[in-house]
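# here is the input, now give the coordinates:
(chains A and B)
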Amino acid sequence: DAKTTQPTSMDCAEGRAANLPCNHSTISGNEYVYWYRQIHSQGPQYIIHGLKNNETNEMASLIITEDRKSSTLILPHATLRDTAVYYCIVRGHAGNNRKLIWGLGTSLAVNP
Amino acid sequence: DAGVIQSPRHEVTEMGQEVTLRCKPISGHNSLFWYRQTMMRGLELLIYFNNNVPIDDSGMPEDRFSAKMPNASFSTLKIQPSEPRDSAVYFCASSLVPTLPSGLTDTQYFGPGTRLTVL
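This is a model prediction of the structure:
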């Protein structure tokens, strides 16, 4: 079973920031938070991951709370091409804990 | 980089026929994963390999499914005989796992998928 809880759907206006929340209250100390997205009819695309600290790359920012029980993916200036299902996944780095267990994700609609 | 390559992109076959899906991982990667995605069950891990060796095949639905990885640059997923309930999109992903224990994690990169329809 997925270890994360995400809203089923969200809307965002084009050009505005999209903030996608994720709850992972049972996360272990050595487990990472990963974000992927899947645009319709395409394979999942890696976005970003983090362990404790906030992370930023060219696609997004990841904010992890101090207790690590929740996180937020931020798309700073959403475009229509960001419309996709966004998956938050908690995983370890060794053995079977490396497996990605996929939930239902958040369906983000970016509107003009 | 070419990314993960899968073939065919679309496959339509009749019930009872053998189906073979192919995957070429990213060069240099040492882990390969096969997933299946349906509307009802979402994304499910079927099997994964480390250094060409199957590590966990607990997600393979039944004996009709088999996967091989004869070398580091090629893997196949075979369904024999195929059934209508096997209709799904099958994804292959690859990653580079650190060879020494480091606490670092690996990131899986996905191919475009094969859409399989079994009539």
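
# contact partners for residue B:42?
Shown in contact with residue B:42 (Cβ atoms under 8 Å, 6 or more residues apart in numbering or on different chains): A:102, A:103, A:104. (Glycine included, C-beta is placed from N, CA and C.)

# now do residue A:100
The neighbours of residue A:100, taking Cβ under 8 Å, 6+ apart as the test, are A:34, A:36, A:89, A:91, B:33, B:45, B:108.

# in helices, which of the residues you listed fall?
With helices identified by DSSP state H, none of the entries of the contacts of residue A:100 belong to them.

# would you mind listing what in chain B touches chain A?
With the criterion set to Cβ under 8 Å from any Cβ of the partner chain, chain B comes near chain A through B:4, B:33, B:42-45, B:48, B:56, B:91, B:93, B:97, B:101, B:103-113.

# make it 10 Å
B:3-4, B:6, B:31, B:33, B:35, B:37, B:41-45, B:48, B:50, B:55-56, B:58-59, B:89, B:91-93, B:95, B:97-98, B:101-113, B:115 (Cβ under 10 Å from any Cβ of the partner chain).

# list buried residues within the residues you listed.
Burial of these was assessed by neighbour count (16 or more other Cβ atoms under 10 Å in any protein chain shown); the buried members are B:4, B:6, B:31, B:33, B:35, B:37, B:42-43, B:45, B:48, B:55-56, B:59, B:89, B:91-93, B:95, B:97, B:105-106, B:108-113, B:115.

# any low-confidence regions in chain A?
Judged by pLDDT under 70, chain A has its weakly predicted residues at A:1-2, A:93-98.

# if you tally nearby residues, what's the number for residue A:54?
A count of nearby residues for residue A:54, using other Cβ atoms under 10 Å in any protein chain shown, gives 13.
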